[in-house]
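Participant: Sharing a model that was predicted from the sequence below.
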2 protein chains.
Amino acid sequence: MTVVGTAARVAVQGELGSYSELAAHEYFAGPLTILPCPTFAGLFAAVAQGRADFGMAPVENSLAGSIQPVWDLLAEAPLPIAGEILLRIDHCLIAHPGARLEELRRIYSHPQALAQCQEYLSALKHAEAQEVYDTAGAVKMIKEGGRRDEAAIASAQAAVDHQMAILAENIQTDQRNYTRFLVLSHQPAPPGTGPHKHTLILDLPDTGRGLPAILAAFTGQGCEVLKVELRKRLGRPWEYRCYLEVLAEAEAPALKAACEEACALAPGLRVAGPYAPGQTTIARLHTRG
Amino acid sequence: MTVVGTAARVAVQGELGSYSELAAHEYFAGPLTILPCPTFAGLFAAVAQGRADFGMAPVENSLAGSIQPVWDLLAEAPLPIAGEILLRIDHCLIAHPGARLEELRRIYSHPQALAQCQEYLSALKHAEAQEVYDTAGAVKMIKEGGRRDEAAIASAQAAVDHQMAILAENIQTDQRNYTRFLVLSHQPAPPGTGPHKHTLILDLPDTGRGLPAILAAFTGQGCEVLKVELRKRLGRPWEYRCYLEVLAEAEAPALKAACEEACALAPGLRVAGPYAPGQTTIARLHTRG
């Protein structure tokens, strides 16, 4: 947890009560001003333009995989990475106060959240699932709709924020459901001691052919490669982009040497970081001031 | 080009005149019986159940990247790979005989084809693009619809097959547009001499952490890694699946040793192949017998 002086302004994608906002409150101690953004591109722009001090960007879910638009933005709208946090995802069924389970006919949420609660939903025989693109936004929508037969799947915080009722908690099928968020900033956090994460972004001129030598450059220097992410560069014949997450002491000569070696194979290599490896947390409920 | 004795039965996804069918005619010499399948899963099942001798499965486009359901099926509905071919993709604008460009109001095609022809489409000011999930199927659809103001984007072959008119050829923005197809079979083709491709499928218990050592096992034995493809194993916490395309002599002791080394890191490694590296071809037009 990072303590910030005055109330930091943190950009998140989605409405108040989104999992991104919960991640922000767990990562930073003290009061925050949350800046909700409709899109991930808007989140990156808010930080780049100085309207926010930080951005919380989800990059990966343990069950569903990469959040691809965020990886693309890391390369195309580059910002330093100052930290990361892993948030346990606990989904709640949220409805109007007084509504009963058997009244529900429609349940709104993000497609991933609906998929993650499929076992629970299949037992609600009279209700059908409907996709929307923001979990907390689904809660706001059913509140504004005013229909007692409509419910949403979102965080407990979203229910509190919109004065709605929680009909059921922890309704996800698999409890090993975590989302990893990167903390974007204008500059990397000043590194402490010990190994830090470095996110390296490289363009590969070919379908992965250079990758073994690039990875060997890092392992050969004793740097640990924690993750490899590959994305197609759309519209560029056969070209791919590669993201490596590497664990190494900040400013270590070994990392510098490995990056120089990799640069010879993939010119234009860029480093976002260093940042301290994140902890796994469970979100606490916040009351709004 | 492989010569087959009697008319081989080849399963493809999509209608007659699809790019998959063109790839089949370029890969095999001699008469073919084409078995159109509505889905990629149906294509794999047709080969597995012996209703088809071969399947032509697109795995990658030079501009748009991986065809992800096919990679998943390679692991989940495994079939040997007997060959591959790279087909140059030439899109045509296809309409009813006698229809004129300025009459068109709606143009149907696969989302990728529409995106690849965006520059051409933006000049047709009165026509709007509509997505359907099969290029040749779009031609069949507008023919059955009978409206002179509807057109489709597909191969020249699809126009010939459905007795429709070609209003414009080569309308893709970028001419470096190729799709790579794998030839699925009951067994790998008997290898000839020289280096062959081997597609290796491995499950990674972690987010890419084991990948550098696995790649080093192959490069250390002198095998060339041509491509790396990573896919999330949906619903399995943090687990990924990795596909490697490796160039090595078939039955080479070096490949066997590398596979054994990789198996220690990723148990359950499976090899699909060997198959001869494919050639790039431009489809010829076929008249139906």
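Facilitator: Yes, it's here.

Participant: which helices and strands sit right next to the host helix or strand of A:Pro58?
Facilitator: Per DSSP states H and E: A:Pro58 is located in strand A:54-61. Packed against strand A:54-61 by the contact rule (3 or more C-beta pairs under 8 Å, 6 or more residues apart in numbering or on different chains; DSSP states H and E) you find strand A:8-13, helix A:19-27, helix A:40-48, helix A:68-76, strand A:178-184. Every residue, glycine included, has its C-beta placed from N, CA and C.

Participant: Need the ones you listed in a markdown table (columns: distance to A:Arg270, mean neighbour count and mean pLDDT).
Facilitator: Below are the helices and strands packed on strand A:54-61 laid out as a markdown table (distance: least, C-beta to C-beta, whole Å; neighbours: other C-beta atoms under 10 Å in any protein chain shown; pLDDT from 0 to 100):
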| stretch | distance to A:Arg270 | mean neighbour count | mean pLDDT |
| --- | --- | --- | --- |
| strand A:8-13 | 22 | 24 | 96 |
| helix A:19-27 | 24 | 25 | 95 |
| helix A:40-48 | 15 | 20 | 97 |
| helix A:68-76 | 8 | 18 | 95 |
| strand A:178-184 | 14 | 24 | 97 |
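
Participant: How about the residues of chain A by chain B?
Facilitator: A:60, A:62-66, A:174, A:176, A:178, A:207-209, A:211-213, A:215-216, A:218-219, A:224-230, A:232, A:234-238 (C-beta under 8 Å from any C-beta of the partner chain).

Participant: out of the helices and strands packed on strand A:54-61, nearest to A:Ile282?
Facilitator: Smallest distance to A:Ile282 across the helices and strands packed on strand A:54-61 (C-beta to C-beta): 8.4 Å, for helix A:19-27.

Participant: Quick one: residues in contact with the closest one.
Facilitator: A:1-2, A:10, A:12-14, A:32, A:34, A:36, A:54, A:56-58, A:83, A:85, A:87, A:89, A:135-136, A:155, A:157, A:179, A:181, A:183, A:281, A:283-284, A:286 (C-beta atoms under 8 Å, 6 or more residues apart in numbering or on different chains).

Participant: Please pull up the helix or strand immediately following it.
Facilitator: That would be, after helix A:19-27 and using DSSP H and E, strand A:28-29.

Participant: and the next element down the chain from that following strand?
Facilitator: Scanning forward in sequence from strand A:28-29 by DSSP H and E, the next helix or strand is strand A:32-37.

Participant: Buried residues in that following strand, which are they?
Facilitator: A:Leu32, A:Ile34, A:Leu35, A:Pro36, A:Cys37 (16 or more other C-beta atoms under 10 Å in any protein chain shown).

Participant: are any of the residues of chain A next to chain B buried, and which?
Facilitator: A:60, A:62-66, A:178, A:207-209, A:211-213, A:215-216, A:218-219, A:225-230, A:232, A:235, A:238.

Participant: So which of those belong to helices?
Facilitator: Among those, the ones falling in helices (DSSP state H) are A:Leu211, A:Pro212, A:Ala213, A:Leu215, A:Ala216, A:Phe218, A:Thr219.

Participant: who touches the closest residue to the second one other than its chain neighbours in this structure?
Facilitator: By that I understand A:Pro212. Excluding the flanking residues, the one nearest A:Pro212 by C-beta to C-beta, 6 or more residues apart in numbering or on different chains is B:Leu215, at 4.0 Å. Shown in contact with B:Leu215 (C-beta under 8 Å, 6+ apart): A:Leu211, A:Pro212, A:Leu215, A:Ala216, B:Val225, B:Val228, B:Leu244.

Participant: Nearest residue to the middle of chain A?
Facilitator: In chain A, the residue lying closest to the centroid (C-alpha atoms, centre = their mean) is A:Pro58, at 0.9 Å.

Participant: lowest-confidence helix or strand of chain A?
Facilitator: None of the helices or strands of chain A scores lower by mean pLDDT, DSSP states H and E than strand A:2-3, at a mean of 58.

Participant: that older thread, quick one: the contacts of B:Leu215 as a markdown table, columns for pLDDT too.
Facilitator: As requested, those are exported to a markdown table (pLDDT from 0 to 100):
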| residue | pLDDT |
| --- | --- |
| A:Leu211 | 94 |
| A:Pro212 | 94 |
| A:Leu215 | 95 |
| A:Ala216 | 95 |
| B:Val225 | 95 |
| B:Val228 | 94 |
| B:Leu244 | 96 |
